[in-house]
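**Student:** Based on what follows, work out the 3D shape:
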Amino acid sequence: MATVAPPEDARSAPAEVSGLQRGISWTGAFWIASGVPALVLFSIGTIAASVGMASWPVWMISILFGFVQAFSYAEIAGLFPNKSGGASVYGAVAWARYSKLFAPVSVWCNWLAWSPVLTIGSGLAAGFSLSILFGADAAINTWHVTLADLSFLKAGLTLRINATAIIGAAFLLIAFAIQHRGISSTARTQVVLGVIALLPLLLIGLVPLVTGDLPRQNLWPVVPLNGHWNAGGISIFMGGLFVAAWSTYGFETAVCYTREFRDPRTDTFKAILYSGLLCMVVFTLVPISFQGVLGLKGMLAPDIADNMGVAKAMAGMIKAGPVVGNVIVVMMILALLLAIIMSMAGSSRTLYQASADGWLPKYLSRVNHAGAPTAAMWTDLGFNLILLSMSDYVFVLGVSNVCYILFNFLNLNAAWIHRMDRPGWERPYRAPTPLLAAGTVLSFVNLALMGVGADMLGKGTLYTGFVCVALIVPVFVWRHYVVDKGQFPAEMSDDMHLQPEAGVKSGAGYLPHLTVLAGIAVIVISHHLAVLP
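**Tutor:** Model (predicted):
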């Protein structure tokens, strides 16, 4: 079959002055995505306290899943190098031919997954900062003003103002200021932060291994927290895999910047490949050392479960004195800032492209003189200032991850839909078919992990996530049917290729709809079978 290339403007059009600008290579995206390894700090304590002795294999399996899935994302990103915003945007083009609703759900879920990184990261950075300045029982750590009771979502959940929320807001503003100067400046900042911030994570992963300070009894036997591989133990392990996915799958953000690559035809695959290799190292070594040094008793400490005590625990892992220990904590705060900047860069571009494509309100596609999507960034900032006031960041992570798994499901399946609809299109990178098939299988595995494990982070987590997903319906209906009168923007219509033309067809038939029905069945059955404490 003759190769049919996408339209020339979709493959190599220069960036418009008023839009995002082509200012980075794959190395720039790699350094921006280098914030992903810092996501291990967001949930390593939660997984350790929930899963117990089997927590370190959770991370190894999860990052392997993420690495396999990345090849599907790299292929679909190469099809649309004129677009920004990540895998959900590229996948939305596939689903849009079969339903106007599936596509905006995918983009919305991606944003709701990535944006709360700002809240959780800045909250942890604030908590780490307070831990090296004040004692746990100091007044600054205990005062708060309750704004609202949210116990209808989760028992004990409130909106409140405290020191963590205030200091966390300051970190958000720092990230915003860095982003405001454009993608090139952001990439340069991330290089500096990346070198400083990744060093402690590598030390934490390597030093205990080199010194042999990993008692065997802290790693073996590999059993879940209940001590048995029965239905309850398997459910706990699957819950750990669900939580870990929010961190380990995150390096797919490297494809968010395709529209800003100087050479998207080659840079896209390199960015996600090398980002994935870095994550495999960190997400394997750090959890092994963390569990090996702390042991089960240390992992069950209260300040480990909410992740606020993780920094001090990790500093102690390399036998650092008080001064050096505080330096290590500061470096981990910089690692969190690295993740915050990365998240704002990716999530704001998702909002930007979703607006340009006709899914979300028009104002989100405005950019400043440096090509930064400032309207989307302000929206991100405001949304996360509200989330920062929540009293339970672990619950926020759980709800966010429900959205992330749904995004993941839709976009892994978008890869084979694109293959069937655009079989002859030129692909700068074409994933091996077995890896594409493996990604499809994992899309259903992830749904099963969510069905079983979401409520491990709090009863009602799964249903709250579904409610958040449903919020896209009125937003999309307003934009598409009221503002745009049922028509997509011209560029999006061109990308969807709804009119008959060579090289594009609705080749998947009813398979996309059957896939969604099968996915719903997996969630219902797995949630029904879950046995969680």
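
**Student:** only C-alpha atoms for contact and neighbour calcs from this point on.
**Tutor:** OK.

**Student:** where does the stretch 51-200 of the chain have low pLDDT?
**Tutor:** For the stretch 51-200 of the chain, residues meeting the criterion pLDDT under 70 lie at 84-85, 180-187.

**Student:** before we move on, what about the stretch 201-350 of the chain?
**Tutor:** Along the stretch 201-350 of the chain, segments meeting pLDDT under 70 span 256-258.

**Student:** What segments of it are helices?
**Tutor:** 231-248, 264-299, 302-305, 310-317, 322-356 (DSSP state H, counting those that start in this stretch).

**Student:** which helices and strands sit right next to the last one?
**Tutor:** Helices and strands touching helix 322-356, as assessed by 3 or more C-alpha pairs under 8 Å, 6 or more residues apart in numbering; DSSP states H and E, comprise helix 26-33, helix 87-96, helix 102-114, helix 116-133, helix 163-179, helix 183-211, helix 310-317, helix 374-387.

**Student:** quick one: which of those helices is nearest C468?
**Tutor:** helix 102-114 (8.2 Å; C-alpha to C-alpha).

**Student:** Pull the distance from that closest one to the chain's centre.
**Tutor:** In terms of C-alpha atoms, centre = their mean, to the nearest Å, the centre of helix 102-114 is set 11 Å apart from its chain centre.

**Student:** counting contacts, what elements does that helix pack onto?
**Tutor:** By 3+ C-alpha pairs under 8 Å, 6+ apart, helix 102-114 packs against helix 87-96, helix 322-356, helix 393-421, helix 461-470, helix 472-477.

**Student:** swap the cut-off to 6 Å and go again
**Tutor:** Contacts defined by 3 or more C-alpha pairs under 6 Å, 6 or more residues apart in numbering; DSSP states H and E place helix 102-114 against helix 87-96, helix 393-421.

**Student:** Contacts for the first one, please.
**Tutor:** Contact partners of helix 87-96, identified using C-alpha atoms under 6 Å, 6 or more residues apart in numbering, comprise Y73, A77, F102, A103, S106, V107, N411, A414, H418, M496.

**Student:** what's the closest non-adjacent residue to L336?
**Tutor:** Closest residue to L336 apart from its sequence neighbours, by C-alpha to C-alpha, 6 or more residues apart in numbering: G121 at 5.5 Å.

**Student:** Please work out how many residues are found near the one you found.
**Tutor:** 29 (other C-alpha atoms under 10 Å).

**Student:** how far away is it from G295?
**Tutor:** From G121 across to G295, the span is 25 Å (C-alpha to C-alpha, to the nearest Å).

**Student:** Of the helices and strands packed on helix 102-114, which stretch is the most buried?
**Tutor:** Burial of the helices and strands packed on helix 102-114 is given as mean neighbour count (mean count of other C-alpha atoms under 10 Å); helix 87-96 ranks first at a mean of 27.

**Student:** and the angle from that helix to helix 102-114?
**Tutor:** Interaxial angle of helix 87-96 relative to helix 102-114 (axes from the mean of the first three to the mean of the last three C-alpha atoms, to 10 degrees): 160 degrees.

**Student:** Which of the contacts of helix 87-96 sits closest to G127?
**Tutor:** V107 (31.1 Å).

**Student:** Quick check: the gap between that closest one and A96.
**Tutor:** On the measure of C-alpha to C-alpha, V107 and A96 end up 11 Å apart.

**Student:** if we can go back for a sec, turn the contacts of helix 87-96 into TSV, including distance to M390.
**Tutor:** Converted to TSV, these look like this (distance: C-alpha to C-alpha, whole Å):
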residue	distance to M390
Y73	33
A77	35
F102	30
A103	30
S106	25
V107	24
N411	30
A414	34
H418	40
M496	39
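
**Student:** quick revisit: how about the helices and strands packed on helix 322-356, which one is nearest A339?
**Tutor:** Short answer: helix 116-133, nearest of the helices and strands packed on helix 322-356 by C-alpha to C-alpha, at 7.0 Å.

**Student:** Excluding covalently adjacent residues, which one is nearest to N408?
**Tutor:** S443 (6.6 Å).

**Student:** secondary structure class for the one you found?
**Tutor:** helix (DSSP: H, G, I helix; E, B strand; the rest coil).

**Student:** got a pLDDT number for it?
**Tutor:** S443 carries a pLDDT value of 98.

**Student:** So it versus L219, what's the distance?
**Tutor:** Following C-alpha to C-alpha, the distance that separates S443 from L219 is 30 Å.

**Student:** quick revisit: nearest to L203 among the contacts of helix 87-96?
**Tutor:** Y73 (30.7 Å).

**Student:** neighbouring contacts of the one helix or strand that closest one maps to?
**Tutor:** Assigned by DSSP states H and E, Y73 belongs to helix 55-79. With C-alpha under 6 Å, 6+ apart as the test, helix 55-79 has contacts from 48, 87, 90, 241, 248-249, 269, 284, 287-288, 415, 428-431, 436, 439.

**Student:** could you flag which of those are buried?
**Tutor:** 48, 87, 90, 241, 248-249, 269, 284, 287-288, 415, 428-431, 436, 439 (16 or more other C-alpha atoms under 10 Å).

**Student:** what about the closest residue to Q487 other than its chain neighbours, neighbour count?
**Tutor:** Distances taken as C-alpha to C-alpha, 6+ apart place H480 nearest to Q487, at 6.7 Å, with adjacent residues excluded. Using other C-alpha under 10 Å, H480 has 20 neighbouring residues.

**Student:** Same question for S151.
**Tutor:** 10.

**Student:** Contacts only, for it.
**Tutor:** S151 touches L157, counting by C-alpha under 6 Å, 6+ apart.

**Student:** Which helix or which strand is home to it?
**Tutor:** Going by DSSP H and E, S151 is not in any helix or strand.

**Student:** Distance from the chain centre to stretch 376-389, please.
**Tutor:** For stretch 376-389, the distance to the chain centre is 16 Å (C-alpha atoms, centre = their mean).

**Student:** Send over that stretch as PDB, restricted to the C-alpha atoms.
**Tutor:** C-alpha atoms of stretch 376-389 as PDB (Å, rounded to 0.1, in the frame of the first residue of the first chain):
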ATOM      1  CA  ALA A 376      -4.700  28.100  30.600                       C
ATOM      2  CA  MET A 377      -1.900  28.600  33.200                       C
ATOM      3  CA  TRP A 378      -4.100  31.100  35.200                       C
ATOM      4  CA  THR A 379      -6.900  28.500  35.100                       C
ATOM      5  CA  ASP A 380      -4.600  25.800  36.400                       C
ATOM      6  CA  LEU A 381      -3.400  28.100  39.200                       C
ATOM      7  CA  GLY A 382      -6.900  29.100  40.400                       C
ATOM      8  CA  PHE A 383      -8.100  25.500  40.300                       C
ATOM      9  CA  ASN A 384      -5.100  24.300  42.400                       C
ATOM     10  CA  LEU A 385      -5.400  27.000  44.900                       C
ATOM     11  CA  ILE A 386      -8.800  25.600  45.700                       C
ATOM     12  CA  LEU A 387      -7.400  22.000  45.900                       C
ATOM     13  CA  LEU A 388      -4.600  23.200  48.100                       C
ATOM     14  CA  SER A 389      -7.200  24.000  50.800                       C
END
